[in-house]
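Build me a model from this:
(one chain, ligands or ions: 1)
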Amino acid sequence: MTPAPFPRSRPTLNDASTALTLTSTSLPSVQSSQLPKLEVQGVSKCFSHAGSAFTVLDTIDLYLQPRELVCIVGASGCGKSTLLNIIAGLILPSSGKVLVDGAAVPGPGADRGMIFQSYTLYPWLTVAGNIAFGLKLRRLPKGDIKQRVSYYLDVVGLTKFARAYPKELSGGMKQRVAIARALANEPDVLLMDEPFGALDAQTKEQMQKFLLELWEQTHTTILMITHDLEEAVFLSQRIYVMSAHPGKIKHDVRVSLPEHRDLEMKLDPEFIQIKRTIIQALHTSS
Ligand SMILES: Nc1ncnc2c1ncn2[C@@H]1O[C@H](COP(=O)(O)OP(=O)(O)OP(=O)(O)O)[C@@H](O)[C@H]1O
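This is a model prediction of the structure:
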């Protein structure tokens, strides 16, 4: 029997009566009484270069409700990856904090799974071995590991490739393994840094559809960075638009398209209008 992961309630997402609400936010406050799954409170980050400090992120506040899929867009260099790395606990903020389920997180943890653009699979391990890797590190019982690996292989449609090695897989398949590996740890939040950025256009669209189906199936809360505005509109319930120098959240855009989406929707006038609004938001943020 397959395990029943993510037995989480399905919260009601905010139904805006209009297709999209664009709010210029100084601080997007939590808009429901429900405790956010993820919160970033007043996060700033300074780096030093050639002996002088510069601010990359300036007082970032954001939140994700349980089961929300939210994208962050912004000009290159505005600090998106730095922000995601801070949320993952891989970089310490200069000030501010990150909370999961209302509790501040001091560093990396299994509650936050991370997926990068470059394939980060272990080449010497099979697909199943890659998915099992973190579970073995956590010393889960062998039976549990086997069950979870089999379940997530099925979720990402790669059961037949369990014994294959990464070099035998296409780019899209490798990313599906990376997603299965992250999901096998049953994280509270999945953090994705341009996960489909290296894929060709057709594979990218297949992966977008795959991610949406996976999200519907697993109820995972997902925060994703993308440069692709169409991808952001297609996947998100909300989009944070960042400005640069220093990186700030400038807009919190609600995308009230139907929750179940197919690729045809990208041709819909409503979809195109939302994309146009995001482009305008980016322009006013630069
Ligand atoms: N470890 C570091 N030390 C010094 N500067 C850094 C460090 N990491 C990032 N930066 C600088 O911080 C700024 C933001 O980088 P970051 O990679 O977060 O931006 P980004 O929005 O993700 O960019 P892109 O969209 O091009 O990937 C850049 O100017 C970068 O050079």
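
going forward, measure contacts between C-alpha atoms and count neighbours the same way
Fine.

What's the nearest residue in the stretch 101-250 of the chain when you look at the ligand?
His227 (6.9 Å; C-alpha to the nearest ligand atom).

from memory that residue sits against Val73, does it?
Yes: shown here, His227 and Val73 form a contact pair, counting by C-alpha atoms under 8 Å, at 6.1 Å.

Settle it for me: which of those two has more neighbours?
Val73 (22 against 17; other C-alpha atoms under 10 Å).

Secondary structure of the more buried one: a helix, I assume?
No: with DSSP: H, G, I helix; E, B strand; the rest coil as the criterion, Val73 is located in strand rather than a helix.

My understanding was that it contacts Thr226; is that so?
Yes: counting by C-alpha under 8 Å, Thr226 is a contact partner of Val73 at 5.8 Å.

any common contacting residues for the two?
When contacts are counted by C-alpha atoms under 8 Å, 6 or more residues apart in numbering, Val73 and Thr226 are jointly contacted by Ala232.

and the residue of the chain most remote from its centre, how far is that from the ligand?
Relative to the centre of the chain, the most outlying C-alpha is that of Gly51, 33.8 Å out, by C-alpha atoms, centre = their mean. Counting by C-alpha to the nearest ligand atom, to the nearest Å, the gap from Gly51 to the ligand is 11 Å.

check contacts around the residue of the stretch 101-250 of the chain closest to the ligand.
By C-alpha under 8 Å, 6+ apart, His227 lies in contact with 73-75, 194, 197.

run the last query once more with 10 Å
Contact partners of His227, counting by C-alpha atoms under 10 Å, 6 or more residues apart in numbering, are 71-76, 193-194, 196-197.

out of those residues, which are buried?
Buried members of the contacts of His227, scored by 16 or more other C-alpha atoms under 10 Å, are 71-75, 193-194, 196-197.

so what's Pro246 up against?
Shown in contact with Pro246 (C-alpha under 10 Å, 6+ apart): 44-46, 54-59, 77-79.

Spatially nearest residue to it, not counting backbone neighbours?
Using C-alpha to C-alpha, 6 or more residues apart in numbering and skipping residues adjacent in sequence, the residue nearest Pro246 is Val56, 5.0 Å away.

quick one, what contacts that neighbour?
44-48, 77-80, 82-83, 244-248.

element containing it?
strand 52-64 (DSSP states H and E).

ok, which residues in the stretch 1-150 of the chain are in contact with the ligand?
Contact residues, the stretch 1-150 of the chain versus the ligand (C-alpha under 6 Å from any ligand atom): 47-48, 56, 76-82.
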